[in-house]
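1. build the 3D model from these lines:
(chains A and B)
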Amino acid sequence: MDKAQKMHDLRVFAAEIRLETLKIIGSRGFGHVGGSMSMADTMAVLYGDVMNVDPKNPRWEDRDWFVLSKGHGGPVMYATLGLKGYYPIEATYQLNQPGTDFPSHTDRNKTIGVDMTTGSLGQGMSEAVGAALGNRVQGRTNRVYVAVGDGESDEGQVWEGAEFAAHYKLDNLTCFVDDNGMQLDGPVAQVMSHGKGLGAKFDAFGWHVIDVKDCNDVEQIYDAVQEAIATKGAPTAIILHTVKGKGATFAESTGAHSSQPSKEQWDEAIAAAEAALEAVKNEK
Amino acid sequence: MSFKLIGKHEKDKRANRDGYVEAMLELMAEDEKVVHVDCDLMNCINTGKLLKAYPERTFNAGIAEANAVGVASGLAASGLTAFVHSFGIFASRRVFDQAFLSVGYSELPVHILGSDPGVTAAFNGATHMPFEDCALYLTVPNFVVIDTADIAQTKSLTKKLAACPKPSYQRLIRKGFVTVYEDGSEFEIGKGYVLREGKDVTLIASGIMVDEALKAQEALEAKGISAKVIDMPTWKPLDEELILAAAEETGAIVTCENHQINCGLGAQISYLLAQKRPTPQEFIGIQNRFGQVGPQDFLMKEYNLLAEDIVKAAEKVIARK
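-> Alright, predicted model coming up:
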């Protein structure tokens, strides 16, 4: 398959993920729309092409791992895994219902395909670092991907994990930093800024750093991941300049952390995501 | 039953931490999936021996305990059996959210060791003296909680923990302990051990308090009081059958712990007895106080952890029958 075709397919997958993410959160009426939607393109690249996984054997020991350290983005993961065939997509429309297998934050013991339990911010970073080390100790050549938020990066544990990963030269580990610029109480720059920037911080911690300029372009993300795979002797951080709530009509302009829109706003957002999917399918 | 009591109240010249290191050297030789993570305290518990023998499976996480527990969680999820060590204060209070979620709630076999429990922190003082470490882990639904008494017990239970699918917190005395058991003694997780039989009162102890309970039993015997002594190294899951039988048999209990009394071994036992066999009970342990610096014998006296305190408690509880 030529690269142009592959990128087209990944754009379609990303649009499908956005639509399903909205439907999943819409099934409950409220939830973490912002940080779910900003990750859709990365999820499309990982599960649509890069990652070596088997939906029929989700704990296959040579699989590639994905840890959503910003665990409140659960819905985007459920949408991705559902579309990938880990379970019927309709099963995910039970978000946060009593007894559900699809809780707001990702849970390894509840949802098929989820590698680690996250939600207490910072913890997924250490867990992913441990998984990368453990896989290497056992002679596996698989890779571990972890996604942290820019707000999450206020947590000291993110940086404890970062120093450990660099010290042990875990080049089988790639960290996506969802630099969407917003956290719960407002803009990151106002709530708790990151000094010389998240890229500069990871660089200072001994990581290879790739800055992806266009937030939601699957090709730039894809190229960055290929560079990460080729990088030896150090873990790689991919800084994603994303837009929080990207593709959700009621959230994109506000960058809200969680949303509880009206029925009309949901209908409008889902119709817009359906139209966006059709538009992407038709582009050539 | 394959333990042998020595009971001579002699200080052990060896370091109790060697019980852990010896167990780990055997475990790591037998099973290449066993790993150890330390937090810049390898020189304190001699795990440098593990690093030397198994450098590819022994990791120093530096002074970053929360990350060390999270890394251990990832190691376990990848299929390894991970032990992680720091001082008891850091291995409990500082890492509690990581231990609770990344290990406990995630249902991963990570075994956390907290060294220098209670007054054995001695010269490191109040900032390093955990009186509440077990209390925290008792609140995590699936954690096994263990307070061992000497080298033989530490070695045996460490080896049993490696085969245990549940996560655990184990207190690890480094030094300042009495040899209670002969080397090679074997113990099981979740079991208590009757060390002396008696009819009037039962003394239930763990860790450094086991030898104090044995000395108290001898002092009580001299006064014509017959005391049963039980070593209860596992605080959770509790050996309910043994405790209820002892309550039935003697009708009075004294619990002895190097830990806060309102949330540890004694509290667990009173919770059990209140429901199944209400029994007069007295509590030896830290009575709602912080730690402080000083030699261990001074601290034992200061916090009323001595055999003479247990004797008084036994007489008091017998009078309440």
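
2. residue contacts, B:Lys159?
-> Going by Cβ atoms under 8 Å, 6 or more residues apart in numbering or on different chains, B:Lys159 touches B:23, B:26-27. Every C-beta, even on glycine, is put in place using the N, C-alpha and C of the backbone.

3. just A:Val188 next, same as before
-> Taking Cβ under 8 Å, 6+ apart, one finds A:150-151, A:181-182, A:194 in contact with A:Val188.

4. what about 7 Å?
-> Contact partners of A:Val188, counting by Cβ atoms under 7 Å, 6 or more residues apart in numbering or on different chains, are A:150-151, A:181-182.

5. and those residues, which is closest to chain B?
-> A:Gly151 (17.5 Å; Cβ to the nearest Cβ).

6. I'd say that closest one and A:Gly186 touch.
-> No - between A:Gly151 and A:Gly186 there is no contact under Cβ atoms under 7 Å: 10.1 Å.

7. before we move on, the earlier item: most neighbours of all the contacts of A:Val188, which one?
-> A:Asp150 (28 neighbours; other Cβ atoms under 10 Å in any protein chain shown).

8. so what's that one up against?
-> Per Cβ under 7 Å, 6+ apart, neighbours of A:Asp150: A:177-181, A:188, A:198.

9. A:Ile239 in helix, strand or coil?
-> Secondary structure assignment for A:Ile239 (DSSP: H, G, I helix; E, B strand; the rest coil): strand.

10. isn't it up against A:Cys215?
-> No - judged on Cβ under 7 Å, A:Ile239 makes no contact with A:Cys215 at a distance of 10.3 Å.

11. if we go by neighbour counts, what in stretch A:104-122 is buried?
-> A:104-108, A:111, A:113-122 (16 or more other Cβ atoms under 10 Å in any protein chain shown).

12. restrict these to those near chain B?
-> Among the buried residues of stretch A:104-122, the ones lying near chain B by Cβ under 7 Å from any Cβ of the partner chain are A:108, A:115-117, A:120.

13. from the residues you listed, which is closest to A:Asp41?
-> A:Asp115 (20.3 Å; Cβ to Cβ).

14. from the ones next to chain B among the buried residues of stretch A:104-122, which two are the most distant?
-> Using Cβ to Cβ, the two most remote members of these are A:Asp115 and A:Ser120, lying 16.2 Å apart.

15. what about the spatially closest residue to B:Gly294 that is not a sequence neighbour, how many residues close to it?
-> Distances taken as Cβ to Cβ, 6 or more residues apart in numbering or on different chains place B:Ala122 nearest to B:Gly294, at 6.7 Å, with adjacent residues excluded. Residues near B:Ala122, counting by other Cβ under 10 Å, number 21.

16. what's the answer for A:Pro98, then?
-> 5.

17. what distance do you get for it to A:Ile89?
-> Per Cβ to Cβ, to the nearest Å, A:Pro98 is found 21 Å from A:Ile89.

18. also B:His259?
-> Taking Cβ to Cβ, one finds B:His259 at 51 Å from A:Ile89.

19. more neighbours, the two?
-> Between B:His259 and A:Ile89, counted using other Cβ under 10 Å, B:His259 has the larger neighbour count: 28 against 18.

20. give me the element the closest residue to B:Thr127 other than its chain neighbours is part of.
-> Of all residues not flanking B:Thr127 in the chain, B:Ile89 sits nearest, at 7.3 Å (Cβ to Cβ, 6+ apart). Taking DSSP states H and E as the criterion, B:Ile89 maps to helix B:88-89.
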